[in-house]
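Chemist: With the input below, show me the fold.
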Amino acid sequence: MAHSYIVYYFTILPKIPWSDILLAQLNSLPFESFELTDVGFNAFVSEKQHNSNFLASIPLFKNNDVKIDFRLDIIEPVNWNAKWENNFKPIHIGENCVIRADFHPQLNKKYELVINPKMSFGTGHHQTTFMMMEFALNEIVEGKSVLDMGCGTGVLAIINSKMGAKKIDAIDNDPWCIENSKENALQNQCKNINVIFGSEIINKKSSYDLIFANINRNVLLEQIPAFAEALSLKGTILLSGFYNKDTPILRERAGEFDLKIVEEKQKDKWSALKFKYE
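Modeler: Numbers count the residues shown, from 1 in each chain. Below is the predicted model of the structure:
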C-alpha cells in the first residue's frame, strides 16, 4: 500500500563544504533519496521510518561554523508511475532525435532514445538536458572517448553511444541514477557504457575527448580542475545545470585552466557552455 513521505528542505550556509558533510552524516538515517538545490538539498524519508527526534544523532547541527535551517513537509501518497506517464510526452530534439518512454509508440527517428527515468533526472524536458542534447548532436562523436558526469538517466551517455562513441564512462553519486542508467543503457542496446558509482572522476589521468557535465554551479566550480586534467588536448567540455547569471564565474574558473568558451546556449533562465583549450 502507498504511504506518505516526509521531505526535509535544508538550507546550509556556507554550502561548501558543509552540504557534502551533512549528506554523509544523513546517510546513517533511512533517507531514501536526496535532491540538490541552490541553497542545500531536500531529503526524503518514508513517514513509517520517521520520528519526532529524527535528527538528534547528527553531530553537524552542533557545529558553530555552519548554519543549517530546515523545514518539513508531508508528501501524500501518489501513484507516481501513472502521474509520470500522463505528463511525459516524447520530446523532439532537432529533426533526427527523439526521447520517449517504452510505453510510447516507435517514431522511426535516426536517434530514438527510450528513457524510463524512475526517480532520475534527464528526460530531455528540462532546459539544461535539452541544450546538452543539442550540443551532443552537433559534435563529431564517432570513435571518441566520452565522460558523462552526473549521468542521471544516462541519456547523454546513450546518445553518444548511438552516435558511435568508442568508450563512455557515466558517473553519478545517486544509487537510483546508477540503477536507472544501467537499465536505460540495456534498453537502448548500448554495450559500451561503463556506469560508475561516485562523485568525482575515478581516474583523472583518463584522456576523454568529450566531457559532459549537467550538474549545478557549485559542483561544476569544484570539478572543473579535474575535468581539465582528464580532457585530451583537442577535447571539448560541455557544461550545464546553472543559471544565465552564473556564466561569468564559470568562465573565470575555466580560464584558470586555459579553457575558453567557444559556444553558449540559453534557454529561459538556464545556460549551457562549450569549452576548448585556448
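Chemist: C-alpha only now, for contacts and for neighbours.
Modeler: OK.
Chemist: Contacts only, for Lys182.
Modeler: Lys182 sits next to Gly154, Val195 when contact means CA atoms under 8 Å, 6 or more residues apart in numbering.
Chemist: can you give me the helices in this protein?
Modeler: Secondary structure of the chain, counting by DSSP state H: helices at 18-26, 80-87, 127-137, 155-162, 175-187, 217-230, 247-255.
Chemist: out of those, nearest to Lys269?
Modeler: Nearest to Lys269 among the helices of the chain is helix 127-137; the distance by CA to CA comes to 8.8 Å.
Chemist: Tabulate the helices of the chain (CSV), appending mean pLDDT.
Modeler: CSV is the format used below for the helices of the chain (pLDDT from 0 to 100):
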stretch, mean pLDDT
helix 18-26, 94
helix 80-87, 57
helix 127-137, 96
helix 155-162, 98
helix 175-187, 91
helix 217-230, 94
helix 247-255, 97
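Chemist: which one of those is the most hemmed in?
Modeler: helix 155-162 (a mean of 26; mean count of other CA atoms under 10 Å).
Chemist: helices or strands next to that one in the packing?
Modeler: strand 111-114, helix 127-137, strand 145-149, strand 167-172, helix 175-187, strand 193-197 (3 or more CA pairs under 8 Å, 6 or more residues apart in numbering; DSSP states H and E).
Chemist: Which among those is found nearest to Gln223?
Modeler: Taking CA to CA, strand 145-149 is the member of the helices and strands packed on helix 155-162 nearest to Gln223, at 9.9 Å.
Chemist: Name the strands paired with the closest one and say parallel or antiparallel.
Modeler: strand 167-172 (parallel), strand 208-214 (parallel) (DSSP bridges).
Chemist: CSV for the helices and strands packed on helix 155-162, including distance to Val98?
Modeler: As requested, those are exported to CSV (distance: least, CA to CA, whole Å):
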stretch, distance to Val98
strand 111-114, 5
helix 127-137, 10
strand 145-149, 19
strand 167-172, 21
helix 175-187, 15
strand 193-197, 20
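Chemist: and of these, who's closest to Ser232?
Modeler: Between the helices and strands packed on helix 155-162, strand 145-149 lies closest to Ser232; by CA to CA that is 9.4 Å.
Chemist: what's next to that closest one, contact-wise?
Modeler: 154, 156-157, 160, 165-172, 200-201, 207-215.
Chemist: Geometric centre of the chain: which residue is closest?
Modeler: Geometric centre of the chain, nearest residue: Gly150, 3.9 Å, by CA atoms, centre = their mean.
Chemist: what's it in contact with, if anything?
Modeler: Under the criterion of CA under 8 Å, 6+ apart, the neighbours of Gly150 are Ala170, Ile171, Asp172, Asn173, Ser199, Ala213, Asn214, Ile215.
Chemist: circling back: for the strands paired with strand 145-149, give me TSV that also has distance to Val141 and mean neighbour count.
Modeler: Output for these, formatted as TSV (distance: least, CA to CA, whole Å; neighbours: other CA atoms under 10 Å):
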stretch	distance to Val141	mean neighbour count
strand 167-172	10	24
strand 208-214	8	24
